[in-house]
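[1] Sequence first, then the predicted structure, then my questions.
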Amino acid sequence: MKTDANDTLLTLAIPVGLEEDIIDFLLLHPKWAGGFTILGAQGAGQGARLQSPMELVQGRSARKLILIGGLRTELDSLLAALAADIPSPEVSYWMSPIIASGRLA
């Protein structure tokens with residue numbers, strides 16, 4: 001096994017309409033986001049902006065979750081640059097500590 005130095009997991013919850021812009025941003029900044037995972041998701045509740053007729057009927061909005069493992073200081077820099085480049089109240093985030101991460105071989 002090979003252990004990574006990552007200490008933080010950044011999760012971005014984004015509207016699908018911003019997916020390509022945010023992915024392009026991340027690909028342009030490999031120091032901050034050397035790799036990431038994209039998952040389909042749905043958002044519900046007071047903060048969910050329902051835009052399509054289907055979302056209005058279902059009561060939830062289509063979202064994407066982007067998960068980025070890294071060092072806390074680098075992820076803080078990534079968030080600041082992303083907020084400056086793509087300021088959107090529809091993008092939410094949270095950070096979680098990583099106890100351990102790595103690859104099996």
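    Yep, that arrived. It should be emphasised that the depicted structure is a prediction, and the values quoted were computed from it without experimental measurement. Numbers count the residues shown, from 1 in each chain.
[2] C-alpha from now on. contacts and neighbour counts both.
    OK.
[3] what are the ranges of the helices in this structure?
    Taking DSSP state H, the helices of the chain run over residues 19-28, 53-58, 72-85.
[4] Mean neighbour count, distance to V91 and mean pLDDT added to those, as a markdown table?
    A markdown table is the format used below for the helices of the chain (neighbours: other CA atoms under 10 Å; distance: least, CA to CA, whole Å; pLDDT from 0 to 100):
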| stretch | mean neighbour count | distance to V91 | mean pLDDT |
| --- | --- | --- | --- |
| helix 19-28 | 14 | 10 | 97 |
| helix 53-58 | 12 | 18 | 64 |
| helix 72-85 | 14 | 9 | 98 |
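[5] Turn those helices into a markdown table, columns for distance to G40.
    Listed next are those as a markdown table, based on distance: least, CA to CA, whole Å:
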| stretch | distance to G40 |
| --- | --- |
| helix 19-28 | 11 |
| helix 53-58 | 15 |
| helix 72-85 | 20 |
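[6] mind checking which of the ones you listed is nearest M95?
    helix 72-85 (8.6 Å; CA to CA).
[7] Helix 19-28 and the closest one, what's the angle between them?
    Following axes from the mean of the first three to the mean of the last three CA atoms, to 10 degrees, one obtains 130 degrees for the angle between helix 72-85 and helix 19-28.
[8] What lies in contact with helix 72-85?
    Helix 72-85 is contacted from outside by D7, T8, L10, I22, F25, K31, W32, A33, using CA atoms under 8 Å, 6 or more residues apart in numbering.
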